[in-house]
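*Asks:* Any chance you can model this:
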Amino acid sequence: MTYDISLVRVPPGLTLRQTPERLNADFDFDAELPVLQLTDAQRGEWERILRRVSREMGPVESEEYLYSLTLETLGPPGRVQLDYCGDTANIEIAYRHRGARAVEIMKLAYRIARVVEEESGMTGHDFEVDQPTRTGDPAVAAARLSAVSDWAQSALT
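*Replies:* Numbering: from 1, shown residues only. Next comes the predicted model:
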């Protein structure tokens, strides 16, 4: 289980909340996922995102899988994973950060989300605390991350 931040390319005529509903409307859990087929423009967005994150936030690892492109941060404050699929992206943070560490990791996650927004035109939203990543407060997200991490540590160990 991870703390997730969603980014989507909102089509004209739809709202941010309608877009994931539309994307998931025909999802079939039994069907095989479609292989990732990025346009040249999407591949260019990914390259720009990758360069900026590594230049502005430190070293990253990047992999190309059948269904997504993935970036993972390597240094402090911890691991943040970005999965990019062309018209959608997702940021994942493990529920193991508490207190000041949670604040630092969420600042990093929100910075990455803002880079994705700037380079791709997608809109980011943190549904865990119902705030946009462009203007949202990472400290609010950190409080949620920290609280769930505390609960997981006490209830699951």
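
*Asks:* Tell me which other helices or strands the longest helix anywhere in the chain touches.
*Replies:* Longest helix of the chain, by residue count under DSSP state H: helix 99-120. Secondary-structure packing of helix 99-120 (3 or more Cβ pairs under 8 Å, 6 or more residues apart in numbering; DSSP states H and E): strand 2-8, helix 40-57, strand 69-73, strand 81-84, strand 88-94, strand 123-126, helix 138-156. In short, each C-beta sits where N, CA and C put it, glycine included.

*Asks:* gap between the second one and the chain center?
*Replies:* How far helix 40-57 lies from its chain's middle: 14 Å, per Cα atoms, centre = their mean, to the nearest Å.

*Asks:* quick one: contacts of it?
*Replies:* 38, 60, 62, 69, 71, 73, 82, 84, 86-87, 108, 111-112, 115-116, 119-120 (Cβ atoms under 8 Å, 6 or more residues apart in numbering).

*Asks:* Could you pull up the contacting residues of the most centrally placed residue in the chain?
*Replies:* Taking Cα atoms, centre = their mean, the centroid of the chain lies closest to Ile91, which sits 1.7 Å from it. By Cβ under 8 Å, 6+ apart, the residues touching Ile91 are Asp4, Ile5, Leu7, Val80, Gln81, Leu82, Ala109, Ile112, Ala113.

*Asks:* circling back to that earlier point, so for Thr15, which of the helices and strands packed on helix 99-120 sits nearest?
*Replies:* In terms of Cβ to Cβ, the element of the helices and strands packed on helix 99-120 nearest to Thr15 is strand 123-126, at 9.8 Å.

*Asks:* next SSE after the closest one?
*Replies:* Toward the C-terminus, strand 123-126 is succeeded by strand 131-132 as the next helix or strand (DSSP states H and E).

*Asks:* helices and strands around that following strand, which ones?
*Replies:* Counting contacts by 3+ Cβ pairs under 8 Å, 6+ apart, strand 131-132 packs against strand 123-126.

*Asks:* and the strand it packs on, which strands flank it?
*Replies:* Sheet pairing of strand 123-126 (DSSP bridges) gives strand 2-8 (antiparallel), strand 131-132 (antiparallel).

*Asks:* would a markdown table of those strands with distance to Gln153 and mean neighbour count be doable?
*Replies:* What follows is the strands paired with strand 123-126, written out as a markdown table (distance: least, Cβ to Cβ, whole Å; neighbours: other Cβ atoms under 10 Å):
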| stretch | distance to Gln153 | mean neighbour count |
| --- | --- | --- |
| strand 2-8 | 14 | 20 |
| strand 131-132 | 25 | 16 |
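
*Asks:* Right, I'll leave it there.
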